[in-house]
Every structure is written in structure tokens, then in C-alpha cells.
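In: turn this into a structure:
(one chain, ligands or ions: 1)
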Amino acid sequence: MLQAVRGTKDLLPDVINDWHYIEEIFRKVTKKFNYKELRTPIFEYTEVFSRGVGEGTDIVNKEMYTFQDKGENSLTLRPEMTASLVRAVIQNNLTAQETVARLWYFGPFFRYERPQKGRQRQFHQFGAECLSSANPESDVEILLLADNLIKELGIKDYKLLLNSLGNKSSILSYKKELTSFLKSEFENLSEDSKRRLDQNPLRVLDSKDEKDLKVTQNAPKLIDFLDEESKEHFKFVTNSLDHLNINYEINHKLVRGLDYYSHTVFEFQSNYLGSQDSFGGGGRYNELFEELGGKHTPAVGFAFGVERLLMILESQKLINKNNNNLDFYIVCFGKEYFSYVIEISTLLQKNGYSVNYDISRKSFKSQLKDSDKLKANFSVIIGENEVISNQFVVKNMISGEQMKIKLENFSKFVKF
Ligand code: HAM
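Out: Residues are numbered from 1 along each chain as shown. As a prediction, this is how the structure comes out:
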């Protein structure tokens, strides 16, 4: 039997209502903040990500679905949205029309990672990006938007981890210091970190390996390398969060796995998720536009993993599984009355109701059973007697109450 590719999942009808529910909330929250949705192609020229996300990152190094098309272009299924969005904004000159462009997105992304609970090869992200302001006010707006979304979903018991990488020169001087510290501890590092050291020393701070954790305890701290401007930027963000009563924890080791960040970085973690405990993350990226050929456009944003949000909602029992949405089931005694079935169902549908009827020529009894199985609110019964007397039985499937209604009176009846 053909199977879905490892690390991908079908979204079947029994879960799709949960997705519609969560998508509705994305729309509601982004509307409140006047963010506009954009959709970009699922694949891009590979360069968008190798330059955008960064050559030294795990995503670019080992997780991208890259292939050559028949025109011998190297293309990549998007592993994240920020680089694609920046490419689209530059190409369509979106920031020219507004001083600040506020954008959001939702869709599938692709990373070749080892599948496990909460980690797939095709997954979905919802995210938002605030473009054109270098000021910490926009960091605060983005964090407030993320906080609104979490609150609207009812998610509790989560942590917001926060850190500042400072500006580019702070990061550079920190990287230099960190590299020489890690080199002095080289023998005590894990094999993975030994490899990472030259390409991306910051990632060693992220490692969960016991050996690395021991070493990085004494590593120099990013915060000590921030210049005045960077410190001021971060202070504005933390003061605002305090004022807004948004709880956070400063974590000096939080660096994030993508190259484009500077200044504020953050991650949302939940205990409901197991080892893949991060359900969202983001930060400021002031140089990405130039990196991808655009003009200087400082920006900040975040993305949530939608599968992980749904896992939390499910374990916190925040999703209503009782999604009964069939209004009418029409039970019919014989194929000769099918035109009445269509007439009544069209009338009901015109009034906005959902309708199902039998198309398999099942017995009367099986049709009633189907009506039960589909949890219809009402059944309409059509048979010889009903057609002759022009009186159709409508049964309320919840109360059991029945009434007889003439065809011409159906319109009045359904306006309840
Ligand atoms: P990221 O941390 O790589 O950031 O991904 C954001 C979220 O996507 C993660 O916190 C996680 O919930 C979800 N996610 C990532 N990989 C997987 C996977 N393999 N399976 C399931 N869920 C996954 C970014 O992608 C940045 N573009 C965020 C950003 C926006 N920064 C600035 N603007």
C-alpha cells in the first residue's frame, strides 16, 4: 500500500475543524493589529534560503528539500517564511507604500529532520513580521501580538524566554570571545559541538548534551558584550513587557538557530510538548533585506508551529471535539422521489443549511441510521404518502419531536 512520506501527515475530516478553529483565531488576532496576510510560493530559488537563513545553520546544511527542476534551476521547498517574505517584499516593493509594513502568514513548511513527536518533515507555521522600524516599540508590538494569540487560544503554563544578541558588532566581539573559550574547552565538548565550533559557535550554547551543558555554564555571557545602544534597546523591551504584565525569563544562552538575528530573540516553551518543547520563536533581523539585495529595512517577527499549538490545545482540553455540523438529513423511500429530495435540499441549502441524503439506495432503516451517525439535527422524510398528501415529516433528532410541513411552507419553516 502506498503510504504518505515519512514525517508528513494527512489532515483528515475529524481534525480539520480544529485547524479551521485555529486559523479563525489567527485571522481575528492579526486583524485587531491591522496585519495583512500574504502568501508566497511553496518553493524558491535555493539562494533565498542559503543567503537568507545562513550557510552555517542546520536548516541550510542538512535539512532543506533541494532539487533541480527541468530547467536546471536549484529550487528548495521553503523551510521557513522570513527569507521568502523578505524576497517577496523586495520584489513587490511593499514597504514603499507604507512606512511600516505589518504582515502575517500561515502555511506548510518543509525540513528534513528526524521525525518524532512534535517534529515533522512537513509542518505548518503561523507567523507575523513587522517591517521598517528599528525601534524596540516594534519588538514590543510583535511580542504583544504573539501574547494576544496565546491568550486568545487559552494556552497556559508556558514560558517566554528572552535574550538580546545585541547589534552586529556586539555579536562579532562575543563570537570571538566565545570561540576562544570553547577552543580552550575543546576536549570536553560533544562531537556535534566540536564540529559546530568553527561554523557556528553560538549553536554550542543551544546544545542539550550533558557535556556541552557543563562547559557552557562558565561560558562568557552575551549580555556582557552588549554596547550601550543594544542595552538600551533591550531595556526598552523588558520595561514594556513588565508594564504590560507579560511574563518572561531572560535566558543568556538563547541564540536561535537562524543566522539573521540581532538584538531581541525569543522563544515560547511549553511542558505539554515533550522534548520538542518550543512552540514558537522569533526575533529582530535588521540586515536580512540587504543580504537578499534590498535596501536597509530593519524588521522583527515570530512564527508559531501550528501542530505544536494544536498539541497543547488538545492536552489542555481547549478544543471542542463536538463539531456537529449537519443540519438536515433527508430520508427517502424510493428513487422515484429523488426529485423531491433535490427540491427540498436545494431550498434548505439556499437558506444556509447543510444537507445530506442517501445516494446508495439504502433501505429506509439504514437511512435513519445514517442520519443518526451523521448527527443530523433534523431528518426530513419523503415517501409515497408524503408526496400524495404533500405533507413532509420533519423530525427534530434531538428532542424527537415531529411535524408535518407542506412543500410550499418549507421556506417559512426553515427561517427559524
Ligand atoms: P523556527 O524556530 O525555526 O523559527 O520555527 C518556528 C516554530 O516552527 C518552532 O518553534 C516550532 O514550533 C515550529 N517548527 C519548526 N520546525 C518544525 C518541525 N520540523 N516540525 C514541527 N514544527 C516545527 C523560524 O522559522 C523563524 N522564521 C521565525 C521568525 C519569524 N523569526 C523572525 N520572524
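In: can you name every helix or strand that the strand or helix carrying residue 404 contacts?
Out: Element membership of residue 404, judged by DSSP states H and E, is strand 402-405. The contact analysis (3 or more CB pairs under 8 Å, 6 or more residues apart in numbering; DSSP states H and E) places strand 402-405 against strand 392-396. All C-beta spots, glycine's among them, are computed from the backbone N, C-alpha and C.
In: and the strand it packs on, which strands flank it?
Out: Looking at strand 392-396 with DSSP bridges, its partner strands are strand 378-382 (antiparallel), strand 402-405 (antiparallel).
In: and the strand holding residue 404, what's buried?
Out: Within strand 402-405, the residues that count as buried by 16 or more other CB atoms under 10 Å are residue 405.
In: do stretch 226-240 as well
Out: Buried-residue list, stretch 226-240, by 16+ other CB under 10 Å: 226, 230, 233-234, 236-238, 240.
In: how about TSV for these, with distance to the ligand, secondary structure and pLDDT added?
Out: Below are the buried residues of stretch 226-240 laid out as TSV (distance: CB to the nearest ligand atom, whole Å; DSSP: H, G, I helix; E, B strand; the rest coil; pLDDT from 0 to 100):
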residue	distance to the ligand	secondary structure	pLDDT
226	20	coil	95
230	18	helix	95
233	16	helix	97
234	17	helix	97
236	19	helix	98
237	15	helix	98
238	19	helix	98
240	19	helix	98
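In: and the helix or strand of the chain with the lowest mean pLDDT, how far from the chain's centre?
Out: Scoring the helices and strands of the chain by mean pLDDT, DSSP states H and E places helix 410-413 at the bottom, with a mean of 75. How far helix 410-413 lies from its chain's middle: 42 Å, per CA atoms, centre = their mean, to the nearest Å.
In: buried ones in it, by neighbour count?
Out: residue 410.
In: before we move on, what about stretch 265-278?
Out: In stretch 265-278, counting by 16+ other CB under 10 Å, buried: 265-270, 272-273, 276-278.
In: so the nearest residue to residue 337 once chain neighbours are set aside versus the ligand, what's the distance?
Out: Leaving aside its chain neighbours, residue 337 sits nearest to residue 382 (5.1 Å; criterion: CB to CB, 6 or more residues apart in numbering). According to CB to the nearest ligand atom, to the nearest Å, residue 382 stands 49 Å off from the ligand.
In: residue 382 - how many residues pack around it?
Out: 22 (other CB atoms under 10 Å).
In: tell me the two of the buried residues of stretch 265-278 that are most distant?
Out: Spanning the widest gap among these are 265 and 272, at 22.8 Å by CB to CB.
In: which of the residues in stretch 144-158 are buried?
Out: Quick answer for stretch 144-158 (16+ other CB under 10 Å): 145-150, 153, 155, 158.
In: what sits up against that stretch?
Out: Contact with stretch 144-158 is made by 22, 25-26, 28-30, 32-33, 35, 126, 128, 160, 244, 246, 268-272, 279-280, 282, 302, 304, 309, 312-313, 316, 318, as judged by CB atoms under 8 Å, 6 or more residues apart in numbering.
In: need the CA coordinates for it. PDB is fine.
Out: Taking C-alpha atoms only, stretch 144-158 is exported to PDB below (Å, rounded to 0.1, in the frame of the first residue of the first chain):
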ATOM      1  CA  LEU A 144       2.200  41.600  22.300                       C
ATOM      2  CA  LEU A 145       0.700  40.200  19.100                       C
ATOM      3  CA  ALA A 146       2.100  36.700  20.000                       C
ATOM      4  CA  ASP A 147       0.900  37.100  23.600                       C
ATOM      5  CA  ASN A 148      -2.600  38.000  22.300                       C
ATOM      6  CA  LEU A 149      -2.700  34.900  20.200                       C
ATOM      7  CA  ILE A 150      -1.600  32.600  23.100                       C
ATOM      8  CA  LYS A 151      -4.200  34.200  25.400                       C
ATOM      9  CA  GLU A 152      -7.000  34.000  22.700                       C
ATOM     10  CA  LEU A 153      -6.200  30.300  22.400                       C
ATOM     11  CA  GLY A 154      -6.400  29.900  26.200                       C
ATOM     12  CA  ILE A 155      -2.900  28.400  26.400                       C
ATOM     13  CA  LYS A 156      -1.500  28.400  30.000                       C
ATOM     14  CA  ASP A 157       1.700  27.100  31.700                       C
ATOM     15  CA  TYR A 158       4.100  28.300  29.100                       C
END
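In: right, I'll call it a day here.
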